[in-house]
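# Okay, predicted coordinates and the sequence, questions at the end:
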Amino acid sequence: MKIPGLSFSWKRAIGLTLAKQNIARKIGIPSSKAGLERKVGKLFIKSIFSK
């Protein structure tokens with residue numbers, strides 16, 4: 001039986017999540033799929049409507 005609201009992530013436990021976040025912040029490219037799609041979409045829209 002699981003306790004509601006309590007979960008364990010081995011990636012967070014070994015620090016993988018924090019490392020990925022730090023790298024993404026330094027290079028300026030999101031590591032998540034949704035974040036990457038937002039960034040690419042924003043650049044695409046800027047390139048179309050900029051003069």
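Everything's here; your move. Numbers count the residues shown, from 1 in each chain.
# And residue 14, what's its pLDDT?
With respect to pLDDT, residue 14 has a value of 94.
# count of residues packed around it?
Neighbourhood size, residue 14 [other Cβ atoms under 10 Å]: 10. Bear in mind the C-beta positions are built from the backbone N, C-alpha and C, glycine included.
# That one and residue 20, how far apart?
12 Å (Cβ to Cβ, to the nearest Å).
# now do residue 45
When residue 45 is compared with residue 20 (using Cβ to Cβ), they lie 27 Å apart.
# of those two, who's got more company?
residue 20 (14 against 10).
# Now do the helices in this structure.
10-14, 16-27, 33-49 (DSSP state H).
# Those helices into JSON lines, with extra columns for distance to residue 3?
Converted to JSON lines, the helices of the chain look like this (distance: least, Cβ to Cβ, whole Å):
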{"stretch": "helix 10-14", "distance to residue 3": "17"}
{"stretch": "helix 16-27", "distance to residue 3": "21"}
{"stretch": "helix 33-49", "distance to residue 3": "28"}
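# Can you tell me which of those is most buried?
Among these, helix 16-27 has the highest mean neighbour count (mean count of other Cβ atoms under 10 Å), at a mean of 12.
# got the angle for that one vs helix 33-49?
20 degrees (axes from the mean of the first three to the mean of the last three Cα atoms, to 10 degrees).
# Other residues contacting helix 16-27?
Under the contact criterion Cβ atoms under 8 Å, 6 or more residues apart in numbering, helix 16-27 has outside partners 9, 11-12, 30-31, 35.
# now that helix, how far from the centre of its chain.
Computed by Cα atoms, centre = their mean, to the nearest Å, the chain-centroid distance of helix 16-27 equals 8 Å.
# Perfect, that will be all.
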